[in-house]
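Trainee: Here you go, sequence then predicted model.
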Amino acid sequence: MAKQALIVIDIQNDYFPGGKYPLHQPEEAKQNTLSAMAIATEKGVPIIHIQHVVPAAAGEGLFFYEHSQGVEIHSDIFDAAPHAPVITKQHADCFEKTTLDEVLQSLGVEEILLAGMMTHNCVTHTALSPAAQRYNPKVIEPCTCTVDPIAHLLALDSMQVRGIEIVDIATAFGQA
């Protein structure tokens with residue numbers, strides 16, 4: 001089996017009730033991601049946190065502002081892998097102007113498993129990134145969510161038609 005890494009994208013406080021941009025069913029996606037993280041830890045699969053950070057100078061109307069409570073990785077997610085690398089980004093594609101590729105290369109990763117928020121934006125942009133192609137990206141569907149069910153399904157379809165495998169948790173880790 002190819003050496004995997006679990007990339008946990010933007011499971012941050014602003015996406016939960018009380019945050020600046022609550023999503024549809026973020027709690028379910030978080031709980032499923034915690035299950036995937038437990039399997040990854042058990043199997044020795046590296047976990048990498050991705051954190052979107054918006055500079056305060058970007059102006060009003062956004063979320064994930066640096067130094068805010070909303071920008072923080074949800075404590076349940078962070079506490080499940082407190083020693084995992086945290087890569088910050090300012091673009092939808094987790095590879096764009098970040099060290100993600102270098103970290104994956106240093107770990108000898110051949111396949112990335114994507115979990116996180118938002119399915120239609122950061123998950124899709126990362127899965128379809130030219131930089132991701134060398135890592136045979138797979139999206140763990142139960143570990144993702146977005147603004148509503150239709151946007152979620154459209155995002156999954158857009159990735160699938162481009163050759164991205166959409167999997168459940170067991171299949172992602174070769175347990176199916």
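Mentor: Yes, it's here. Numbering: from 1, shown residues only.
Trainee: What is the subsequent helix or strand relative to the top helix by length along the chain?
Mentor: Scanning the chain for the longest helix, with DSSP state H as the assignment, gives helix 26-43. Downstream of helix 26-43, the first helix or strand assigned by DSSP states H and E is strand 47-52.
Trainee: pLDDT averaged over whatever helix or strand comes next after that following strand - what is it?
Mentor: Sequence order places helix 75-80 as the next helix or strand after strand 47-52, per DSSP H and E. The average pLDDT for helix 75-80 rounds to 98.
Trainee: Of all the residues in helix 75-80, which ones are buried?
Mentor: For helix 75-80, a neighbour-count test (16 or more other CB atoms under 10 Å) marks 77-78, 80 as buried. Just so you know, the C-beta spots here come from the backbone N, C-alpha and C atoms, and that holds for glycine as well.
Trainee: Next: stretch 133-149.
Mentor: Buried residues in stretch 133-149, counted by 16+ other CB under 10 Å: 135-147.
Trainee: now stretch 81-95
Mentor: Quick answer for stretch 81-95 (16+ other CB under 10 Å): 81, 84-85, 87, 89, 92-95.
Trainee: of those residues, closest to Asp157?
Mentor: When the buried residues of stretch 81-95 are ranked by distance to Asp157 (CB to CB), Ala92 comes first, at 17.9 Å.
Trainee: can I assume that closest one is in contact with Met117?
Mentor: No: counting by CB atoms under 8 Å, Ala92 sits too far from Met117 to count as a contact (11.4 Å).
Trainee: where does this structure have low pLDDT?
Mentor: Counting by pLDDT under 70, the chain contains low-confidence residues at 1, 176.
Trainee: Tell me what the spatially most central residue of it is bridged to.
Mentor: Nearest to the geometric centre of the chain sits Ile9, at 2.2 Å (CA atoms, centre = their mean). Beta-bridge partners for Ile9, by DSSP bridges, are Ile50, Gly116.
Trainee: Counting only strands, which of the buried residues of stretch 81-95 make the cut?
Mentor: 87, 89 (DSSP state E).
Trainee: got the buried residues of stretch 81-95 as CSV, with distance to Gly44 columns?
Mentor: Formatted as CSV, the buried residues of stretch 81-95 follow (distance: CB to CB, whole Å):
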residue, distance to Gly44
Ala81, 12
Ala84, 13
Pro85, 15
Ile87, 20
Lys89, 26
Ala92, 30
Asp93, 27
Cys94, 22
Phe95, 24
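Trainee: From the buried residues of stretch 81-95, pick the one nearest Tyr15.
Mentor: Ala92 (14.2 Å).
Trainee: What distance do you get for the nearest residue to the closest one once chain neighbours are set aside to Asp148?
Mentor: Nearest residue to Ala92, sequence neighbours excluded (CB to CB, 6 or more residues apart in numbering): His125, at 3.8 Å. As judged by CB to CB, to the nearest Å, His125 and Asp148 stand 19 Å apart.
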